[in-house]
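Chemist: Sequence below, structure please.
(one chain, ligands or ions: 1)
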Amino acid sequence: MRLGIVQFDPEFGKVEKNLRVALGLAGAVEADVYILPELFSTGYQFKDRPEAASYAEELPGGPTTDALESFCRGRGCYVAGGLAEKSSDNLYNSAVLVGPDGFVALYRKTHLFDREKEIYDVNDEDMFRVYDIGFARVGMMICFDWIYPETTRILAVRGAQIVLHMANLVLPYCQAAAVTRAVENRVFVAVANRTGTEDRVPDETLEFTGASVIVSPKGEYLLQAGETDEGCWTVSIDPTDADDKMATPRNHLIDDRRTELYGALVEP
Ligand code: ACM
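Modeler: Numbers count the residues shown, from 1 in each chain. All right, here's what the predicted structure looks like:
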């Protein structure tokens, strides 16, 4: 299958334009599954919760998911991308996965980053779900979720072959850490990051790091975008490479876990 990453510089608040740019980049290159960045349609830096609420969409059914669905219907592909979600009085930093038959799945960011804690509700549900979309079994995570290895681990334990990672990275570690996440779980990790700068909040200039990556279950970079490049790039992968969990002939990465000794990991 072909896996594609879209990296660009969303312009804050210009939803129609950002959708057009993102789907224009994706549409120029053929892939079976595309990943767009976190909050790709609105931009990242909301001044406050009411401003975020004014851009948030109900999922599914909002204009952004509708546009993604018609893109996928015409091409027989899947797209995962991040956007702000409103659900009654709640507000989430979310992502959707849509495909040729419409909406597939919703994910709400589990580990909110920095000022996001003042803007969004924290997701209390276990949303680390794995979806068999025919091309592959996939799971989603959003940006800062990466720094908790539990996120990727749970998706791997549940059978994900590819982790679709929608990001607006500002810290410089994730693109390197993706190799570790891939190797320790023997999964593909695909990070769609954004470029550009946002400085809508006093004393908070955010410089997004670009450099999106796709890493194989053996830790090889299959794709590395530049820090400021805009585009859509694809790689051809065999998702079943992620089903081989043997690090050596005697070491199965999932079955050999010593879960009886890991209790401290889930103590509050
Ligand atoms: C991030 O979680 N957007 C850094």
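Chemist: near the ligand, which residues of this structure?
Modeler: The chain comes close to the ligand at residues 38, 113, 143-144, 168-170, as judged by CB under 6 Å from any ligand atom. Any C-beta I mention is one placed from the backbone N, CA and C, and that applies to glycine too.
Chemist: After the strand or helix carrying residue 181, which helix or strand is next?
Modeler: Here residue 181 sits within helix 174-185, counting by DSSP states H and E. Next helix or strand after helix 174-185 toward the C-terminus (DSSP H and E): strand 188-192.
Chemist: hmm, who's touching that next one?
Modeler: Contact with strand 188-192 is made by 3, 5-7, 35-37, 81, 146, 152, 161-167, 169, 174-175, 178, 181-182, 212-217, 237, 239, 241-242, as judged by CB atoms under 8 Å, 6 or more residues apart in numbering.
Chemist: Helices - which of the residues you listed land there?
Modeler: Among those, DSSP state H puts 152, 174-175, 178, 181-182 in helices.
Chemist: residue ranges of the helices in the stretch 1-150 of the chain, please?
Modeler: Assigned by DSSP state H, counting those that start in this stretch, the helices in the stretch 1-150 of the chain fall at 15-27, 49-55, 63-75, 116-119, 149-157.
Chemist: Let me have these in TSV, extended by mean pLDDT and mean neighbour count.
Modeler: Converted to TSV, the helices of the stretch 1-150 of the chain look like this (pLDDT from 0 to 100; neighbours: other CB atoms under 10 Å):
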stretch	mean pLDDT	mean neighbour count
helix 15-27	98	18
helix 49-55	98	16
helix 63-75	96	18
helix 116-119	98	15
helix 149-157	98	20
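Chemist: of those, which approaches residue 91 most closely?
Modeler: Smallest distance to residue 91 across the helices of the stretch 1-150 of the chain (CB to CB): 5.5 Å, for helix 49-55.
Chemist: packing partners for the closest one?
Modeler: Packing partners of helix 49-55 (3 or more CB pairs under 8 Å, 6 or more residues apart in numbering; DSSP states H and E): strand 78-87, strand 90-99, helix 116-119.
Chemist: now it: how far from the chain's centre is it?
Modeler: 21 Å (CA atoms, centre = their mean, to the nearest Å).
Chemist: need the contact list for the residue nearest to residue 253 when sequence neighbours are not counted.
Modeler: Nearest residue to residue 253, sequence neighbours excluded (CB to CB, 6 or more residues apart in numbering): residue 245, at 4.6 Å. Contacts for residue 245 (CB under 8 Å, 6+ apart) come out as 186, 252-255.
Chemist: Alright, I will stop here.
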